[in-house]
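Asker: return atomic coordinates for the entry below.
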Amino acid sequence: MAENKIFAGPRVRRIRNGLGLTQTAMAEALEISPSYLNLIERNQRPLTVQLLLKLASVYKVDLDELQGEAGGTASLLREVFADPLLSGELPGDQELIEIAEAAPNAANGIVKLYRAYREQAARLTDLADLLAREGHETSLSGARLPIDEVREVIERRANFHARIEDAAEAFHAALGLVAGDDLAVALKAWLRNKHGIVVRALPVQTMPSLRRRYDRHSMRLFLSERLSAFDQLREVAMEVCLLALNDEIQAALEDLALTSGEARRLGRFELARYAAHALMMPYGAFLSAAQRARYDIDVLRARFNVSFEQAANRLTMLQRPGAQGVPFFLLEVDNAGNRFRRSGAQGFPQAKFGGLCPKLNIHVAFAQPAQILVDHVQMPDGAGFLTVSRTLEGPQAGFGERVRRTALLIGCDIAQADDVVYADAVRAPAVEPVPIGTACRLCERSGCLSRAEPPLTRPLGLDEMVTGLSAFDFQ
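Answerer: The predicted structure is shown next:
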């Protein structure tokens, strides 16, 4: 029988460079001469079945990867060159395949550049749509970015995925941890024993702009030392969930019904993050602890060895039928007011709560870092909410770098407040509720010191004889 031959020189070279090996060292491990390996890498000699098996045995290389790695990259390049701007540049697919084979990193760079170009175009159409809503004529049509679609879908849904919760709880139980055992150690051991993946923390100089990087050739997961121990644990837990809970994550992703490949990629990341929280804080144990502690986030973070942000996020997920917690919702912003996240057990209550009022304690939190601020807030229609806000520190900054700080607000309907420890700080009648609105443009509260924009529903009170508290006073 004729032996199958595969010319895959660039892929072999990339594997060798990824492992930091010389041609002599790799040739010795494969039991061939350095000159023969050099010919293989220049596609002047084929990879035989025996060499394929040797590569798989010595370096844990996936055989499918060696035989067809360029296919996926070529298909991405095909999408790039299908754009009307580039459609006439190539007569066929052969050049795309050659680029993907010979220069895969350059090919990936082309794909990233094209995605950035498409996102910029989408942002321009978003701006045109905004101008049109403000009354300015424009000939451009609106378009949504993939991240906007993912955020909207998540904000509309209950922040609960039953299949992921059940699978994460079962996986945690199978680890067999007892009181005092370190979850991070157990997860790293599982990755090493089940998949041959070793976790290493790298210094800032080696990974200056990355949180994590998985090297599939050397089977190593690199984490930045900028991350706290809690964030490093979440990154390891995400990697475990993507391997052990892949089917459940994929099923939940299908339920989101996202419309583009990029949106599905982002949605998969969000679901892996959700699964990591479910693994770090198993549903039954966390709900029981939360109820006993009256949802005191600092008590929960200490008990489960997680961060304030992770414990707060987990509180928004406690909506299992028959075993529900208080339905919390969550908002995270930076000090410029940019929104990072909105989610909730029953979908973020945007219509009732909004979250854009400048009087909310989430904005005050930046002036009091690391302090917990509690308010009873009231909407114009009388709806009330208990809100708890605190600043969060981002990755560790070096000397001369500006610290990344955001603020998180977690809240619930005031009717549920008796079950929450923070309500003790705002008991009526000693503390009056803070009057807020959905957003300045939609709020008709008069005499508001914090008003930043005029309401859309009322004409401005332009009276030369009378000056109000705000430049946006209305009639």
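
Asker: between the two ends of stretch 424-436, how far is it?
Answerer: Using C-alpha to C-alpha, to the nearest Å, one end of stretch 424-436 lies 21 Å from the other.

Asker: got it, and stretch 377-390?
Answerer: First-to-last residue span, stretch 377-390, C-alpha to C-alpha: 16 Å.

Asker: buried residues, that stretch. List them.
Answerer: 377-379, 385-390 (16 or more other C-beta atoms under 10 Å). For glycine as for every other residue, the C-beta is placed from the backbone atoms N, C-alpha and C.

Asker: and for stretch 47-61?
Answerer: Buried residues in stretch 47-61, counted by 16+ other C-beta under 10 Å: 47, 51-52, 54-55, 59, 61.

Asker: for the chain, which segments count as strands?
Answerer: According to DSSP state E, the chain carries its strands in the segments 198-202, 212-215, 220-224, 319-320, 323-324, 329-334, 339-344, 373-378, 384-393, 405-413, 434-435.

Asker: got a markdown table for the ones you listed, with distance to residue 116 too?
Answerer: Formatted as a markdown table, these follow (distance: least, C-beta to C-beta, whole Å):
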| stretch | distance to residue 116 |
| --- | --- |
| strand 198-202 | 26 |
| strand 212-215 | 20 |
| strand 220-224 | 23 |
| strand 319-320 | 37 |
| strand 323-324 | 43 |
| strand 329-334 | 22 |
| strand 339-344 | 20 |
| strand 373-378 | 38 |
| strand 384-393 | 28 |
| strand 405-413 | 24 |
| strand 434-435 | 42 |
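
Asker: for residue 112, find the nearest of those.
Answerer: Closest of the strands of the chain to residue 112 is strand 212-215, at 15.3 Å (criterion: C-beta to C-beta).

Asker: show residues contacting that closest one.
Answerer: With contacts defined as C-beta atoms under 8 Å, 6 or more residues apart in numbering, strand 212-215 is touched by 18, 197, 207, 220-224, 235, 239.

Asker: which pair in those residues has the greatest spatial separation?
Answerer: 18 and 235 (20.3 Å).

Asker: so between these two, which is more surrounded?
Answerer: For residue 18 versus residue 235, neighbours defined as other C-beta atoms under 10 Å are more numerous around residue 235 (20 against 14).

Asker: for the more buried one, what are its contacts?
Answerer: Here residue 235 is in contact with 211-212, 221, 223, 227 (C-beta under 8 Å, 6+ apart).

Asker: which of the buried residues of stretch 377-390 has the weakest pLDDT?
Answerer: Here the lowest pLDDT out of the buried residues of stretch 377-390 sits on residue 379, with 91.

Asker: how is the protein partitioned into domains?
Answerer: Domains of the chain are assigned by automatic domain parsing as 9-68, 72-127, 153-280, 329-442.

Asker: how about these, which one is nearest residue 299?
Answerer: domain 329-442 (8.4 Å).

Asker: for that closest one, measure first residue to last.
Answerer: Domain 329-442: ends 21 Å apart by C-alpha to C-alpha.

Asker: PyMOL command for the buried members of the contacts of strand 212-215?
Answerer: For the buried members of the contacts of strand 212-215, the matching PyMOL selection, counting by 16+ other C-beta under 10 Å, is:
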select buried, resi 197+207+220+221+222+223+224+235+239
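
Asker: and stretch 455-469, what's its mean pLDDT?
Answerer: 67.

Asker: quick one: average confidence on stretch 315-323?
Answerer: Throughout stretch 315-323, pLDDT has a mean value of 95.

Asker: again with stretch 35-42
Answerer: Per-residue scores along stretch 35-42 average to 85.

Asker: what does that stretch rub up against?
Answerer: Taking C-beta under 8 Å, 6+ apart as the rule, stretch 35-42 contacts 9-10, 12-13, 16, 23, 26-27, 30, 45-47, 51.
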